[in-house]
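Visitor: need a 3D model of the sequence below.
(chains A and B)
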Amino acid sequence: DAGVIQSPRHEVTEMGQEVTLRCKPISGHNSLFWYRQTMMRGLELLIYFNNNVPIDDSGMPEDRFSAKMPNASFSTLKIQPSEPRDSAVYFCASSFGQGQETQYFGPGTRLLVL
Amino acid sequence: KQEVTQIPAALSVPEGENLVLNCSFTDSAIYNLQWFRQDPGKGLTSLLLIQSSQREQTSGRLNASLDKSSGRSTLYIAASQPGDSATYLCAPDTGTASKLTFGTGTRLQVTL
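Guide: Numbers count the residues shown, from 1 in each chain, chains lettered A, B, ... in the order given. All right, here's what the predicted structure looks like:
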């Protein structure tokens, strides 16, 4: 199994630009999570999907952030417009069932907003 | 709101030592607790998952215990090796939309 796949691995953009991060979960997993990791705040859950439906988006920082899961094998996290404080590593994870199983993490996307 | 504390924040030990990493959490109403390791610049790798009904879980040289009522978990690493050097994170699952809350981690260095 290829594991959770994220792209791009690195992204450098200028403030105000739109950023789209992509995730392919492990085949057969029906729960998908987006996390953000920073030195100041550690790892934080942004949004959780189950069977392609957003279940909890209370961690999404503000309206500039949006996430979609159009099908079981693909999800996007979009930031528009991006700001320097959005600089972080964004992780996608997936698991079986209702999400209370082992979560498998992707390698992350390192985002730098100048 | 769940708060997770990991002690110590950093630890350096010589190869071969047994060691214990500590995790405490404020909300004992959890479904499970997971331990992860994170290597520099990499994603997280799940090590162990303990269900709330379990007291401990073992995988190779790793043993994790859970005392749900007191809000504590420990990760025991036996006969440490340089390859164990990484940051170890614990994450209780409150079950509210499967929300893992991560501690800040313990950075472990095992020296030759």
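Visitor: low-confidence ranges in chain A?
Guide: By pLDDT under 70, the weakly predicted segments of chain A are A:1, A:99.
Visitor: which residue, other than its chain neighbours, is closest to the residue sitting nearest the centre point of it?
Guide: Nearest to the mean C-alpha position of chain A, by Cα atoms, centre = their mean, lies residue A:34 at 3.2 Å. Excluding its sequence neighbours, the residue lying closest to residue A:34 (Cβ to Cβ, 6 or more residues apart in numbering or on different chains) is residue A:46, at 4.4 Å. Glycine gets a C-beta too; all of them are placed from N, C-alpha and C.
Visitor: chain B contacts on chain A?
Guide: With Cβ under 8 Å from any Cβ of the partner chain as the criterion, chain A meets chain B at residues A:4, A:31, A:33, A:42-45, A:48, A:50, A:55-56, A:91, A:93, A:95, A:98-108.
Visitor: helix or strand for the residue nearest to residue A:34, just tell me which one.
Guide: In this structure, residue A:46 sits in strand A:42-50 according to DSSP states H and E.
Visitor: what is the burial count for the residue nearest to residue A:34?
Guide: 20 (other Cβ atoms under 10 Å in any protein chain shown).
Visitor: chain A contacts on chain B?
Guide: Residues of chain B lying near chain A (Cβ under 8 Å from any Cβ): B:31-32, B:34, B:36, B:42-46, B:49, B:89, B:91, B:93, B:95-105.
Visitor: buried subset of these, written for PyMOL?
Guide: The PyMOL selection below is limited to those of the residues of chain B next to chain A classed as buried (16 or more other Cβ atoms under 10 Å in any protein chain shown):
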select buried, chain B and resi 31+32+34+36+43+44+46+49+89+91+93+97+98+99+100+101+102+103+104+105
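Visitor: from the residues of chain B next to chain A, which ones fall inside helices?
Guide: If you go by DSSP state H, the residues of chain B next to chain A have nothing in helices.
Visitor: ok, which stretches of chain A are strands?
Guide: A:5-7, A:10-13, A:19-24, A:31-38, A:42-50, A:53-56, A:65-71, A:74-79, A:88-95, A:104-105, A:109-113 (DSSP state E).
Visitor: would JSON lines of these with distance to residue B:53 be doable?
Guide: JSON lines is the format used below for the strands of chain A (distance: least, Cβ to Cβ, whole Å):
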{"stretch": "strand A:5-7", "distance to residue B:53": "33"}
{"stretch": "strand A:10-13", "distance to residue B:53": "42"}
{"stretch": "strand A:19-24", "distance to residue B:53": "32"}
{"stretch": "strand A:31-38", "distance to residue B:53": "21"}
{"stretch": "strand A:42-50", "distance to residue B:53": "23"}
{"stretch": "strand A:53-56", "distance to residue B:53": "24"}
{"stretch": "strand A:65-71", "distance to residue B:53": "31"}
{"stretch": "strand A:74-79", "distance to residue B:53": "32"}
{"stretch": "strand A:88-95", "distance to residue B:53": "19"}
{"stretch": "strand A:104-105", "distance to residue B:53": "23"}
{"stretch": "strand A:109-113", "distance to residue B:53": "36"}
